[in-house]
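Peer 1: below: sequence and its predicted model.
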Amino acid sequence: MPDTVAAHKKCEESSETAWGKFEDKYRTLFNSMGEGFCVLEKIQNPPGVPIDFYVVEANPSFVVQSGVEDLVGKTLRKVISVKAENWIETINTVLQTGEPIRFEQELITYGRTLELYAFQVQDETHRLVAVIFTNITERKRKEEELIALKNRERSRIAVKLHESEAKNSAILSATQDIMFIFDKEGTYLDYHATNKSLLVAQPEQLIGKSISDVLPIGLAEQFLRCFEQSHEKKITKVLEYQLNVLGGLKYFEARITRMDTNRLLTIILDITDRKQAEQALHESEERYRILAKQLQETDRRKDDFIGVLSHEIRNPVAAIKMGLYLFDHAADGIKEKMVKEIMGRQVTQLSRLIDDLLDVTRINRNKVVLQKKCVELTELVQKTMEDYKVNFEEKGVRLVTELAPMPLHVDADKARLIQVVGNLLHNALKFNTAGGAVKVTVTKEQQNAVILVEDNGDGMTPELLNNLFTPFMQADQSLHRGEECGLGLGLVLIKGLIELHGGSVTAHSEGLGEGSIFTVKLPLAGVATVSEMYEDQPVAPIIRRRILVVEDIWDVAQSLKALLENEGHEVRVVLNGTESIVVAKEFRPDILLCDIGLPGMDGYQVAKAFSADEELKGIFLVAVTGYAQPRDFQRAKEAGFKIQIAKPIDMNTLSKTLAIVK
């Protein structure tokens, strides 16, 4: 028995110790809380006496948060002198229901607003209520200021809205955009449409219908997806599409925005002009991209051409220079004759290079003027082949012909056609070897005269065929080039000249070593044109003239003087324009042969000075120059020159010119 009493006593002591420790922890938490905290006990008043509570205990933060001091033991009605009933009623409800309540109350006496949380304390009396609260006076003040600010802003917005409604009404009346209101399932609810031609149907017919019943199924599905995304994510969706409407095929941009929980505003803009502009810009950019690529290729070919040009000019110049040396050191007439032949060929080659360059430039600038007359093509081809016969024999290449049995008349520039046929023969010979053959066929095909030049020479790759008629393209790009490789302009000239005649030229090859076929087609001339047969003019007999040569390059001046004197003319030479006027008044020439690029006073100024001088204006003025573009001829004519002859001078041309001077 004593053991039982001792154990019981020991248990009581342990419980008291544990309770003491718990109470200490509770008291520490109670005192350190930042929120105000108090415990209220309901007073047991007799019936008819108002309900009241007295403060059992309160933590230090109670005073800080509420501003009320020495409240423990006081009643609520005494602590809260103004509107205490509101407090007491709420706290009593907590006791009656057992449910906690969160509420706000004013401590009017202390000028504070508190946020409170009241809950029942479980004990045997069931009369205790705990209250936790925070001073929210400052927060409430800011909230009230914010509400006042919002009210002022609402008033301002209402005024602006009223003003904007009037403006929007005017804008809507003037806008060409279409506006639809849909529900989120895609049903047409309302509309605004000034330009009804942009609709698929009259707008009043659309109201109440589903978009799936109005638009093509694919487009309707796109709209419905946009409706769903705009509604769920509260974002504006943009959809571009193309549609046949009352006004035709148009491009549109739809901007879909959520209005509320069920409605979406869709603004539809006609962007046809913008799309067409974008397409035009894209096409323009693509054209410029292609052009840039072409320019790069042209630039590359230009660089290649400059190298080729240097090579092609140096070769004949070197041969001429060596020929001049042999003239000084040759011991017999045989070598002298050989040197003359070499120099003649090289001068011809240089002239051909220059002529090709000028002709390509004229063709590209559409400056070639054709002297068209009726030409019998078969005879022209036959005569041109005779001119090249020796070249073929020297290289050991057989030249075969198959000419049409009937005359084939074309309306053409005879000299240019000879140039075309000559270039074709030259090209066929250049890319052939000894033992090879070239066949020239002239025939009729429907309303065209056809020239075929076939060879069994080097042939061409597909890559070369694709660029064959491009300026400066060369079949041989190696450092070891033949003596007559040229500038790669011959076929360009052929194509340009034939197209100027309304014809066409094509090339074909089965590949390297398989030869080539060039086909030229020219429209046949009508019957009325055949009677206008071209006749070469005979060369007039030489008439002795007094000629003044104005040339600043001494070698050219002396060579021209010697040639003219050899023809029987009396010749004087001056090296500048100023001296020419003085000498002309003394010498009284019949003809002035004047260079253009003179130092100081140029050839144009000389011509103008002669034309303005009473003593000299009767002299026949001839320009002799390397400036041989059409604009140069026009400028020379305006300056007073009657004729312009391009360098290097062809003596037959010069002789004919001198012969026509009256």
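Peer 2: Received, thanks. Please read all numbers here as calculations on a predicted model, not as lab measurements.
Peer 1: contacts and neighbour counts: CA atoms only from here.
Peer 2: Noted.
Peer 1: could you point out the helix or strand that follows the helix or strand of the chain with the lowest mean pLDDT?
Peer 2: Within the chain, judged by mean pLDDT, DSSP states H and E, the helix or strand with the poorest mean is helix 527-530; its value is a mean of 34. Per DSSP states H and E, the first helix or strand lying C-terminal to helix 527-530 is strand 546-550.
Peer 1: strands paired with that following strand, and their directions?
Peer 2: For strand 546-550, the paired strands and their directions (DSSP bridges) are strand 570-574 (parallel), strand 591-594 (parallel).
Peer 1: and that strand, average pLDDT?
Peer 2: Averaging pLDDT along strand 546-550 yields 94.
Peer 1: now the element after that strand, going C-ward?
Peer 2: Next along from strand 546-550, by DSSP H and E: helix 554-566.
Peer 1: who are the packing partners of that following helix?
Peer 2: If you count contacts as 3 or more CA pairs under 8 Å, 6 or more residues apart in numbering; DSSP states H and E, helix 554-566 packs onto strand 546-550, strand 570-574.
Peer 1: make JSON lines from these and add mean neighbour count to it.
Peer 2: Formatted as JSON lines, the helices and strands packed on helix 554-566 follow (neighbours: other CA atoms under 10 Å):
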{"stretch": "strand 546-550", "mean neighbour count": "23"}
{"stretch": "strand 570-574", "mean neighbour count": "19"}
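Peer 1: of the ones you listed, which is nearest Trp87?
Peer 2: Comparing those against Trp87 with CA to CA, the closest turns out to be strand 546-550 (126.8 Å).
Peer 1: dump the strands paired with strand 546-550 into CSV; add distance to Thr348 and mean pLDDT as well.
Peer 2: Conversion of the strands paired with strand 546-550 to CSV gives the following (distance: least, CA to CA, whole Å; pLDDT from 0 to 100):
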stretch, distance to Thr348, mean pLDDT
strand 570-574, 26, 94
strand 591-594, 23, 94
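Peer 1: tell me which of those strands sits nearest to Ile645.
Peer 2: Among these, the nearest to Ile645 by CA to CA is strand 591-594 (9.4 Å).
Peer 1: that closest one: how far from the chain's middle?
Peer 2: Taking CA atoms, centre = their mean, to the nearest Å, one finds the center of strand 591-594 at 54 Å from the center of the full chain.
Peer 1: immediately after it, which helix or strand?
Peer 2: Later in the chain than strand 591-594, the nearest helix or strand by DSSP H and E is helix 603-612.
Peer 1: list the contacts of the next helix-or-strand element following that following helix.
Peer 2: Helices and strands here follow DSSP H and E; after helix 603-612, the next one along the chain is strand 620-625. Strand 620-625 is contacted by residues 590-597, 603, 607, 636, 640-647, 649, 661 when judged by CA atoms under 8 Å, 6 or more residues apart in numbering.
Peer 1: top strand in the protein by residue count?
Peer 2: Determined from DSSP state E, the single longest strand within the chain is strand 248-258.
Peer 1: which neighbouring elements make contact with that strand?
Peer 2: Applying 3+ CA pairs under 8 Å, 6+ apart, one finds that strand 248-258 contacts helix 217-233, strand 237-245, strand 263-270, helix 272-329.
Peer 1: isn't Gly247 right next to Ala201, touching?
Peer 2: No - using CA atoms under 8 Å as the test, Gly247 is too far from Ala201 to be in contact (10.4 Å).
Peer 1: returning to what we had before: okay if I get the strands paired with strand 546-550 as TSV plus distance to Thr194?
Peer 2: Shown next, in TSV, are the strands paired with strand 546-550 (distance: least, CA to CA, whole Å):
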stretch	distance to Thr194
strand 570-574	85
strand 591-594	77
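Peer 1: gap between the residue positioned nearest the centre of the chain and Gln279?
Peer 2: Central residue of the chain (CA atoms, centre = their mean): Glu285, 2.6 Å from the mean position. Using CA to CA, to the nearest Å, Glu285 is found at 10 Å from Gln279.
Peer 1: for Glu463, same thing?
Peer 2: Counting by CA to CA, the separation of Glu463 from Gln279 is 33 Å.
Peer 1: in terms of neighbours, single out the busier of the two.
Peer 2: Taking other CA atoms under 10 Å, Glu463 and Gln279 do not tie; Gln279 has more neighbours (12 against 8).
Peer 1: what sits against the more buried one?
Peer 2: By CA under 8 Å, 6+ apart, the contact list for Gln279 is empty.
Peer 1: now, of the contacts of strand 620-625, which are buried?
Peer 2: The neighbour count (16 or more other CA atoms under 10 Å) marks 590-597, 603, 607, 636, 640-641, 644-646 as buried among the contacts of strand 620-625.
Peer 1: I appreciate the help and will end here.
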